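Participant: what follows is a protein structure lacking sequence information:
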């Protein structure tokens, strides 16, 4: 199982970014996917989840209304559209399945920095 996250960067408060996570090594369309983030000195937290065929989407209260998770099963890729970014969104963002998250198996992540 491998995840390659991309799309992070430096953005001003109020800006937007779109993260991508390319997955391989398993049947992507069979699994729900999630985005997590870890800020410096803090524990990793769940940001958003999407069911295998996009029927159900869930968000942390801190990002509800600003972030949108989506997926393309044909491309084995999950996305995170982040709008109205705040400095507190600064973190390394990771994608995962429930199994890989439980087993603490992560990709390299993508750094998001929100700063003026």
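Facilitator: Yep, it's here. Given the structure is predicted, the values throughout are model-derived calculations rather than measurements.
Participant: from the centroid of this structure, which residue is nearest?
Facilitator: The residue lying closest to the centre of the chain (C-alpha atoms, centre = their mean) is residue 35, at 2.9 Å.
Participant: count of neighbours near residue 31?
Facilitator: Residues near residue 31, counting by other C-beta atoms under 10 Å, number 20. Bear in mind the C-beta positions are built from the backbone N, C-alpha and C, glycine included.
Participant: do you know the pLDDT at it?
Facilitator: With respect to pLDDT, residue 31 scores 97.
Participant: phi first, then psi, for it.
Facilitator: With angles defined as degrees, to the nearest 10, residue 31 sits at phi -120, psi 140.
Participant: quick one on the thing from earlier: go ahead and confirm the residue nearest to the centre of the chain touches residue 19.
Facilitator: Yes. Residue 35 is within contact range of residue 19, at 7.1 Å (criterion: C-beta atoms under 8 Å).
Participant: what's the overlap in contacts for the two?
Facilitator: 80, 93 (C-beta atoms under 8 Å, 6 or more residues apart in numbering).
Participant: list the contacts of the residue nearest to the centre of the chain.
Facilitator: The neighbourhood of residue 35, defined by C-beta under 8 Å, 6+ apart, consists of 19, 21, 46, 47, 48, 49, 69, 78, 80, 93, 94, 95.
Participant: what ranges do the helices span in the protein?
Facilitator: Taking DSSP state H as the test, the helices found in the chain are 98-102.
Participant: just to revisit the earlier point, selection in PyMOL covering whichever of the contacts of residue 35 are buried, please.
Facilitator: Per 16 or more other C-beta atoms under 10 Å, the buried members of those correspond to this PyMOL selection:
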select buried, resi 19+21+47+48+49+69+78+80+93+94+95
